[in-house]
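> Based on what follows, work out the 3D shape:
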Amino acid sequence: MTNRLSEVMESNAVERLATGFVFTEGPLWHPDGYWLFVNIRRSLIFSIAPGAEPRVERENSGGSNGLTFDLRGRLIMCEGDNRRLTRRDGDGSISVFVDHWEGKKLNRPNDLVGRSDGTVYFTNPNGRIAPEDREIDFGGVHAVRPDGSQFVAIGEFEYPNGLAFSPDEAILYVANTRESKHIEAFDVAENGTLSNGRVWADMSSDEPDGVPDGMKVDVEGRVYCTGPGGCWVFDSDGSHMGIIRLPEIPANVAWGGYDHRTLLFTARTSIYTMRMTTEGTRIPAL
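Prediction:
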């Protein structure tokens, strides 16, 4: 298998920032200079500053998973157990961002990404919900515009998980976690709707652990998607550059650090960082 990781990795050095968790996810760099991440199965959100110990940022977080900021810098959280997305204001108060679509309760919101116009896209898989409890009978990608109006961006998807925009926001990438194990790409129209869904990268593998999950993109358009054996890296044309191997299998990844060239991996019981050669795309802000 081709290995071109030297093009994107500053070195092979991996730093473990913290350990002792159950299942880490939802990594996010705060512009004030620290990381956020979640411990899903303990319903905790943590923060950790460089060189410091992690501290609990939020308890009873409803099985929080994906995290991001809106254009005003407010934290938006996918709460899988509570089947909703919430938003935290500057004063620390938390309110419901979205919990229904057309009067039907969401499934289990998993991950999310914001567009520069303020629209928030989130994956809403229908697995891990008993059929009798499902009100939305498909797994897909939903979107919420800045005015609060919603639309279904992708109406049928096997198991949508991580998602990320290309640097110019012309393409939305979505990871398919279940049997197909691939990344699909969709063209993004000016009004935010999606079309021309196609398999962009095959992630099927004989590796014993890991599935396509969280993903991010660098400013050159390369895609970094956690998956079987580690974090898979793809060039902007979809060619596979290699797998970043870590001491534990990662579930998600995020850009951060003072120059936005540090990757943080949430990997089972721990969180790790590596230095990269290229900056990652940044979360849109006003």
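> residue contacts, the residue lying closest to M276 once chain neighbours are set aside?
Using Cβ to Cβ, 6 or more residues apart in numbering and skipping the chain neighbours, the partner closest in space to M276 is R261 (5.1 Å). Any C-beta I mention is one placed from the backbone N, CA and C, and that applies to glycine too. Taking Cβ atoms under 8 Å, 6 or more residues apart in numbering, we find R261 in contact with E10, W255, R275, M276, T277, T278, E279, G280.
> count of residues packed around the first one?
In other words, E10. For E10, the neighbour count with other Cβ atoms under 10 Å is 13.
> Number of residues surrounding T193?
Residue neighbour count, defined by other Cβ under 10 Å, stands at 14 for T193.
> That one against F151, yeah?
Yes. In this structure, T193 is within contact of F151 by Cβ atoms under 8 Å, at 7.1 Å.
> By residue count, what's the longest strand in this structure?
strand 194-202 (DSSP state E).
> That one: partners in the sheet, and parallel or antiparallel?
strand 182-188 (antiparallel) (DSSP bridges).
> Could you list the alpha-carbon positions for the strand it pairs with in PDB?
The C-alpha coordinates for strand 182-188 follow below in PDB (Å, rounded to 0.1, in the frame of the first residue of the first chain):
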ATOM      1  CA  HIS A 182     -16.400   4.400   2.700                       C
ATOM      2  CA  ILE A 183     -16.500   8.200   2.400                       C
ATOM      3  CA  GLU A 184     -19.100   9.800   0.100                       C
ATOM      4  CA  ALA A 185     -18.800  13.200  -1.400                       C
ATOM      5  CA  PHE A 186     -21.600  15.600  -2.300                       C
ATOM      6  CA  ASP A 187     -21.600  18.800  -4.300                       C
ATOM      7  CA  VAL A 188     -22.800  21.800  -2.300                       C
END
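> what does it contact?
115, 153-154, 157, 165, 169-176, 194-204, 212, 215, 223, 225, 234.
> give me that answer again for 6 Å
The contact list for strand 182-188 (Cβ atoms under 6 Å, 6 or more residues apart in numbering) reads 169-176, 194-203.
> Stretch 279-286 too?
With Cβ under 6 Å, 6+ apart, stretch 279-286 has contacts from F69, L71, G114, S116, P167, K216, V217, D218, V219, W255, H260, R261.
> rerun that using 10 Å as the cut-off
For stretch 279-286, the external contacting residues (Cβ atoms under 10 Å, 6 or more residues apart in numbering) are 28-29, 31, 68-73, 113-119, 164-169, 216-222, 224, 253-257, 259-263.
> Look at it and report the distance between its end residues.
With Cα to Cα, to the nearest Å applied, stretch 279-286 spans 20 Å between its terminal residues.
> Show me what counts as buried in that stretch.
Buried residues in stretch 279-286, counting neighbours by 16 or more other Cβ atoms under 10 Å, are found at G280, T281, I283, P284.
> gap between I243 and S6?
13 Å (Cβ to Cβ, to the nearest Å).
> Which of those two has more residues huddled nearby?
I243 (21 against 12).
> so what's that one bridging to?
Once the bridges are assigned, which here means DSSP bridges, I243 pairs with W232.
> tell me the contacts of it?
So I243 contacts 1, 3, 5, 203, 205, 207, 210, 226-233 (Cβ under 10 Å, 6+ apart).
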